[in-house]
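Asks: Sequence and predicted structure are below.
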Amino acid sequence: MLEKVTHTPLAIEVRGLAKRFGPRVAIDDLSMQLRYGEICGLAGANGGGKSTSLRLLAGLLAPDAGTAHVLGYSLPQEMGRVRQAVGYLPQRNWLYSALSVRENLRFRAAVFGLKAPGRATELQIEAFGLDAFATTPVGYLSGGWTRLVELAAVLIHRPRVLLLDEPTAGLDPAARQEIWRRLTSLAAQGTAILFSTHDLAEAQRCSDLILLSEGRVKAQGAPQDIPNKLQASVLVVGGQESLSLLGSLPSWLFLAAYPQGNRLRLVIARKQLAEVEDRLTSLGCLTQRANLTLEDAALAVAHRGGDYP
């Protein structure tokens, strides 16, 4: 499959993309750019709009508003061409479990109209080290090997844009590392990669990260810069009783709270920082301000108790 020839370095360009399912906002006013060779992440809680964004850009859903160009093709006008040009990996296993690895890959090659599907299949089996499992039904493979076969299938037509929905979800560390080794290599060769994740350690691998909440972009930029874009602060509370504080504080006073060793880490809207400090001091607690991390930022963005940020 040959992509449309363009004179832009952008693999993906999105302006004001929106999608609703009835009254529910799935994604609203998404704008972004992704160059060839870059890796961009979509992060956020369930229902944030990550999967919908990927399906829109894969040409599987028609947007209600906005425009997008993927590999030079226009959305929604050229959805069919986009579907044939990109590599889209859904979150759930979509291979045929009763078919062997070889049969699944050959079927995928035929679907994309490759001139020599058998040859393309054998090349993928060799490239991904699948020789020992070539005749094994996919349903008998472990989660890590299944995901690797899925990635091999997604790449069989050599797409220059990859759209990956939770590509390493549920995998052990070794399988995750293997997937990311291949993705990093593809990016180095010029492939543009957009992926969704719940894992903030994975999000650090991106050149650009978009934090989504309830369909809306809450922060966007380099992962190391995102914490500085949010109006939130962190208090670390020490003392023996710190972990029992949650029952003493109104939930609306903080955006997130979680243990950090024998201390409590509170993520607080910046405008309420002084009030929370005063309350904790009155309870005899020792507090220390700390820098907002990417994980803190993601928790703040996912907060549903108000209109923050």
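Replies: Received, thanks. All values derive from a computational prediction rather than experimental measurement.
Asks: and S142, how many residues sit next to it?
Replies: Residues lying near S142 (other Cβ atoms under 10 Å) number 12. All C-beta spots, glycine's among them, are computed from the backbone N, C-alpha and C.
Asks: Use 53 as the first number for this chain going forward.
Replies: In the new count, where the first residue is 53, that last one comes out as S194.
Asks: Which parts of this protein are helices?
Replies: Assigned by DSSP state H, the helices in the chain fall at 102-109, 131-137, 153-163, 169-179, 195-206, 225-240, 252-255, 325-334, 346-354.
Asks: could those go into CSV alongside mean pLDDT?
Replies: Below are these laid out as CSV (pLDDT from 0 to 100):
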stretch, mean pLDDT
helix 102-109, 96
helix 131-137, 95
helix 153-163, 95
helix 169-179, 95
helix 195-206, 92
helix 225-240, 91
helix 252-255, 86
helix 325-334, 87
helix 346-354, 87
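Asks: out of those helices, nearest to I278?
Replies: helix 346-354 (5.3 Å; Cβ to Cβ).
Asks: one step back: tell me which of the helices of the chain approaches L298 most closely.
Replies: Distance to L298, taken as Cβ to Cβ, is lowest for helix 325-334 among the helices of the chain, at 12.0 Å.
Asks: now stretch 106-115: how far from the chain's centre is it?
Replies: Taking Cα atoms, centre = their mean, to the nearest Å, one finds stretch 106-115 lying 15 Å from the centre of the chain it belongs to.
Asks: And the strands in this protein, which stretches?
Replies: In the chain, the strands defined using DSSP state E lie at 62-73, 76-87, 91-95, 117-122, 125-127, 139-141, 213-217, 244-249, 260-265, 268-273, 284-290, 308-312, 315-321, 338-342.
Asks: Strand partners (parallel or antiparallel) of the fourth one?
Replies: Read it as strand 117-122. strand 62-73 (antiparallel), strand 125-127 (antiparallel) (DSSP bridges).
Asks: how about these in TSV, adding distance to L246?
Replies: Shown next, in TSV, are the strands paired with strand 117-122 (distance: least, Cβ to Cβ, whole Å):
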stretch	distance to L246
strand 62-73	7
strand 125-127	14
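Asks: nearest to L151, of those?
Replies: Across those, L151 has its closest neighbour in strand 125-127 (30.5 Å, Cβ to Cβ).
Asks: re earlier: quick one: the helices of the chain as CSV, columns for distance to N280 too.
Replies: Shown next, in CSV, are the helices of the chain (distance: least, Cβ to Cβ, whole Å):
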stretch, distance to N280
helix 102-109, 23
helix 131-137, 35
helix 153-163, 43
helix 169-179, 41
helix 195-206, 34
helix 225-240, 25
helix 252-255, 16
helix 325-334, 16
helix 346-354, 9
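Asks: mind putting those helices in a markdown table, mean neighbour count included?
Replies: What follows is those, written out as a markdown table (neighbours: other Cβ atoms under 10 Å):
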| stretch | mean neighbour count |
| --- | --- |
| helix 102-109 | 24 |
| helix 131-137 | 19 |
| helix 153-163 | 20 |
| helix 169-179 | 17 |
| helix 195-206 | 21 |
| helix 225-240 | 15 |
| helix 252-255 | 18 |
| helix 325-334 | 14 |
| helix 346-354 | 23 |
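Asks: quick one, which of those is nearest to P279?
Replies: Nearest of those (Cβ to Cβ): helix 346-354, 4.8 Å.
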